[in-house]
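Engineer: what shape does this take:
(2 chains)
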Amino acid sequence: MTAPGGLDAHLVVDRGGFRLDARLTAARGEVVALLGPNGAGKSTALRALAGLESLTGGHVRLDGADVTTTPTERRPIGMVFQDYLLFAHLSAVDNVAFGPRCAGVPRARARAAALELLERVGLADRAHLRPRALSGGQAQRVALARALAVRPRLLLLDEPLAALDAHTRVEVRSGLRHHLAEVEAATVLVTHDPLDAMVLADRVTVIEEGRVVQEGPPAEVARRPRTGYVARLVGLNLYRGTAEGTSVAVEGGGPEGRVAVAGEHRGPVFVAFPPRAVALYRERPDGSPRNVWPLTVAGVERFGDQVRVRLDGAPAVNADITPAALADLGLEPGTRVWAGVKAAEVRCYPA
Amino acid sequence: MAGTPRAPRPAPARPRAGRGLRVGAGRFPWPLVVPAVIGLAFLVLPFAGLLLRAPWSTLGTRLLLPEVRGALLLSLTTATAATGAALVLGVPLAWLLARTAFPGRRLVRALVTVPLVIPPVVGGVALLLVLGRNGVVGRHLYEWWGLSLPFTPAAVVVAQVFVAMPFLVISVEGALRGADRRYEEAAATLGANRWTVFRRVTLPMVAPGVVAGAVLAWARALGEFGATITFAGNFPGRTQTMPLAVYLAMQESPESAVVLSLVLLAVSLAVLAALRDRWVATP
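Structural biologist: Prediction:
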């Protein structure tokens, strides 16, 4: 019993060739983001928490009460679905009042409370519209209000921003952050977008292939990724290796695949550095204390106002350079180049 | 009407007025269109014949005959009552088939469709054997409550429910299977039990399917003949529905049969027209 208040779950779901086995906790008022690639088991985990999916093993405890086998409708939860699933035949206010009505709240009181909630999410003037007449962002807020109307002790959000276009997303994300901050319930949010996780969550749990691979505050996860997936998400070059003093032998690195780092380390470590810390040269730069490797250009892509150069070699590296530098170097797939990184730019932490 | 190009034509030098640069439809699909037109004529011509042979001059007086009014009233009330009964029993049955898993579900589903395929007369005989005064169930009904079902207006309704309910069940079950179940899950997360989910989420979602099924069932009940005449008999004013009256009139005065048929046709078309948006328009 690590968390007497809030959520304490161990979710085991066996399904054909897929197995989810994840421990998940969320204190009251805490927002935990479940981050992972498609098919990692995030949605299965969320559905298991909601009781829409049965567990093969483990438990779900909410504020100390075991709800592992409690049917969905009797769990003190609220859920926001990816495409919101607002009831098309009910107005916004009746959608929000649906939960309280099911709990036996008289019609007039349920609607009054629903109106109040809609007002809080800034939709008082849309209360009597059908979901079809709402924009994506508005529908998302109605869905949130509907989930909060049942005063859940566990709030679940499944990819709450995935159905929105990029423009609306920014706006709705900051609105959602504001509303989630006021929620007293433990909140679990599923997303494959690292930005959602960083902005909305107090803690990030990374799931890959049904297992938790990393957990921690968003900043910590972003700074010190522990898997290639997270590293790619936060845009870092990541390597596993063995440290001896200030030198790390990188796994998969050739004889020259040693990385010099700033601090002293010993044993298995992770080594990470951002692509923009990588400098590229046509000739081997001499007399510098940098880490340098000979590599081959595998691909070149636009990346914001930079150009991302994917480099094959031992180890493979991503480098961000300016379009001007790309033109100067005359890079194209197959070009052989030297990559250099300052030791001070390389982060090293225990594996 | 499109032309009948047999070989690829050279592209016209100028676009023809009105057609713009639309790409031609290619070879005309005669093997499909000819049978389709014949099929359509086969379905429509009998009604045209009915309209041509109608005794329009005496139509008004014939319609006011008490036998006609009685038969029409009986048909409308029994068909509506049968549809109501089919809804009350059939919608839950469709839900059971679409939403639950129980051993023998496939068998139950097959049994539900049996009245669709057996001749209605056979259904009438079966009903008589079960619900008749000496029937398996009917005997007890008579012994305990003095109820005798056959040859009463209630028997008409029973016969109609028997033949019409499968249409409703099939239609509603299809709608239930097509409905997005995640809405039901959403309702469950909001604390709705299964009955509330059905009442407030599922039913509104499948309403078009229920309406379509009810219309089909009503039309089937209105036209029911075989099971009715076997199980309920043919007593004017009591169990003689429109189809029975038409059949009887055909042997005495064919003109009356035409009038009665026209009435049935008009009623059916009126219902169809009233529901065209929900039923006919949807594929």
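Engineer: can you give me the helices in the chain?
Structural biologist: Using chain A. A:42-50, A:92-102, A:107-120, A:136-148, A:166-182, A:194-200, A:218-223, A:228-234, A:323-329 (DSSP state H).
Engineer: looking at chain B here, not the other one
Structural biologist: B:30-53, B:59-63, B:66-99, B:105-117, B:120-131, B:138-145, B:153-178, B:182-189, B:194-197, B:203-222, B:226-231, B:242-252, B:254-274.
Engineer: got a pLDDT number for residue B:16?
Structural biologist: Looking at residue B:16, its pLDDT reads 53.
Engineer: ok, residue A:226 - contacts?
Structural biologist: By Cβ atoms under 8 Å, 6 or more residues apart in numbering or on different chains, the contact set of residue A:226 is A:206, A:213, A:214, A:270, A:351. Glycine gets a C-beta too; all of them are placed from N, C-alpha and C.
Engineer: top of these by number of neighbours, please.
Structural biologist: residue A:206 (26 neighbours; other Cβ atoms under 10 Å in any protein chain shown).
Engineer: that residue against residue A:218, yeah?
Structural biologist: No - using Cβ atoms under 8 Å, residue A:206 makes no contact with residue A:218, being 10.8 Å away.
Engineer: at the geometric centre of chain B, which residue sits there?
Structural biologist: For chain B, residue B:216 is the residue whose C-alpha lies nearest the centre (Cα atoms, centre = their mean; 2.6 Å).
Engineer: surely that one touches residue B:171?
Structural biologist: Yes - using Cβ under 8 Å, residue B:216 is in contact with residue B:171, at 6.1 Å.
Engineer: list the contacts for residue 184?
Structural biologist: Since no chain was named, I'll use chain A. A:28, A:29.
Engineer: looking at chain B here, not the other one
Structural biologist: Residue B:184 makes contacts with B:197, B:201, B:202, as judged by Cβ under 8 Å, 6+ apart.
Engineer: swap the cut-off to 10 Å and go again
Structural biologist: A:85, B:99, B:192, B:194, B:197, B:198, B:201, B:202, B:205 (Cβ atoms under 10 Å, 6 or more residues apart in numbering or on different chains).
Engineer: now residue B:169
Structural biologist: By Cβ under 10 Å, 6+ apart, the contact set of residue B:169 is B:86, B:89-98, B:109, B:112-113, B:115-116, B:213, B:217.
Engineer: what does residue B:31 give?
Structural biologist: Residue B:31 touches nothing, counting by Cβ under 10 Å, 6+ apart.
Engineer: which of the contacts of residue A:226 lies closest to chain B?
Structural biologist: residue A:206 (25.1 Å; Cβ to the nearest Cβ).
Engineer: any idea how far that closest one lies from residue A:240?
Structural biologist: For residue A:206, the distance to residue A:240 (Cβ to Cβ, to the nearest Å) stands at 16 Å.
Engineer: ok, residue A:203 next?
Structural biologist: 24 Å.
Engineer: before we move on, the earlier item: distance to residue A:298 and pLDDT added to the contacts of residue B:184, as TSV?
Structural biologist: Formatted as TSV, those follow (distance: Cβ to Cβ, whole Å; pLDDT from 0 to 100):
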residue	distance to residue A:298	pLDDT
A:85	43	95
B:99	52	91
B:192	54	95
B:194	55	93
B:197	53	95
B:198	57	95
B:201	52	95
B:202	53	95
B:205	51	94
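Engineer: ok, those vs residue B:24, which is closest?
Structural biologist: Of all those, residue B:24 sits closest to residue B:205, with 43.2 Å by Cβ to Cβ.
Engineer: for that closest one, give me its contacts.
Structural biologist: Contacts of residue B:205 (Cβ under 10 Å, 6+ apart): A:87, A:88, A:89, B:175, B:176, B:178, B:179, B:180, B:181, B:183, B:184.
Engineer: can I get the buried part of those as one ChimeraX selection?
Structural biologist: A single ChimeraX command selects the buried members of the contacts of residue B:205 (16 or more other Cβ atoms under 10 Å in any protein chain shown):
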select /A:87 /B:175,176,179,183,184
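Engineer: got a markdown table for the helices of chain B, with distance to residue A:180 too?
Structural biologist: Below are the helices of chain B laid out as a markdown table (distance: least, Cβ to Cβ, whole Å):
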| stretch | distance to residue A:180 |
| --- | --- |
| helix B:30-53 | 59 |
| helix B:59-63 | 70 |
| helix B:66-99 | 34 |
| helix B:105-117 | 43 |
| helix B:120-131 | 61 |
| helix B:138-145 | 64 |
| helix B:153-178 | 35 |
| helix B:182-189 | 18 |
| helix B:194-197 | 27 |
| helix B:203-222 | 30 |
| helix B:226-231 | 62 |
| helix B:242-252 | 65 |
| helix B:254-274 | 50 |
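Engineer: interface residues of the stretch 151-283 of chain B facing chain A?
Structural biologist: By Cβ under 10 Å from any Cβ of the partner chain, the residues of the stretch 151-283 of chain B that approach chain A are B:180, B:182-194, B:196-197, B:200-201, B:203-205, B:207.
Engineer: check the residue in the stretch 101-250 of chain A that chain B sits nearest to and give its pLDDT.
Structural biologist: Here the residue of the stretch 101-250 of chain A nearest chain B is residue A:102; by Cβ to the nearest Cβ that distance is 4.3 Å. The model reports residue A:102 with a pLDDT of 94.
Engineer: all strands of the stretch 251-351 of chain A, in order?
Structural biologist: Using DSSP state E, counting those that start in this stretch, the strands of the stretch 251-351 of chain A run over residues A:258-273, A:279-281, A:291-303, A:306-312, A:317-321, A:336-341, A:347-350.
Engineer: so for chain B, which of these sits nearest?
Structural biologist: With Cβ to the nearest Cβ as the yardstick, what comes closest out of the strands of the stretch 251-351 of chain A is strand A:291-303 (36.4 Å).
Engineer: helices and strands around the closest one, which ones?
Structural biologist: Judged by 3 or more Cβ pairs under 10 Å, 6 or more residues apart in numbering or on different chains; DSSP states H and E, strand A:291-303 is in contact with strand A:237-250, strand A:258-273, strand A:279-281, strand A:306-312, strand A:317-321, helix A:323-329, strand A:336-341.
Engineer: I'd like the ones you listed written out as CSV, with mean pLDDT added.
Structural biologist: Listed next are the helices and strands packed on strand A:291-303 as CSV, based on pLDDT from 0 to 100:
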stretch, mean pLDDT
strand A:237-250, 87
strand A:258-273, 86
strand A:279-281, 88
strand A:306-312, 89
strand A:317-321, 90
helix A:323-329, 88
strand A:336-341, 89
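Engineer: what's the local residue count around the residue nearest to residue A:90 when sequence neighbours are not counted?
Structural biologist: Using Cβ to Cβ, 6 or more residues apart in numbering or on different chains and skipping residues adjacent in sequence, the residue nearest residue A:90 is residue A:98, 6.9 Å away. A count of neighbours around residue A:98, defined by other Cβ under 10 Å, yields 26.
Engineer: what of residue A:104?
Structural biologist: 8.
Engineer: state the pLDDT value of residue A:289.
Structural biologist: So residue A:289 comes in at 55 (pLDDT).
Engineer: do the same with residue B:8
Structural biologist: Reported pLDDT at residue B:8 in the predicted model: 56.
Engineer: just residue A:134 next, same as before
Structural biologist: For residue A:134, the predicted pLDDT is 94.
Engineer: can you name the residues that contact it?
Structural biologist: Counted by Cβ under 10 Å, 6+ apart, residue A:134 has contacts A:84, A:86, A:92, A:95, A:123, A:126, A:140, A:141, A:142, A:143.
Engineer: list the contacts for residue 162?
Structural biologist: Reading this off chain A. A:82, A:83, A:169, A:190, A:191, A:192, A:193, A:196.
Engineer: meant chain B actually
Structural biologist: Contacts for residue B:162 (Cβ under 10 Å, 6+ apart) come out as B:82, B:86, B:115, B:120, B:123-124, B:126-127, B:131, B:221, B:224, B:227-228, B:231.
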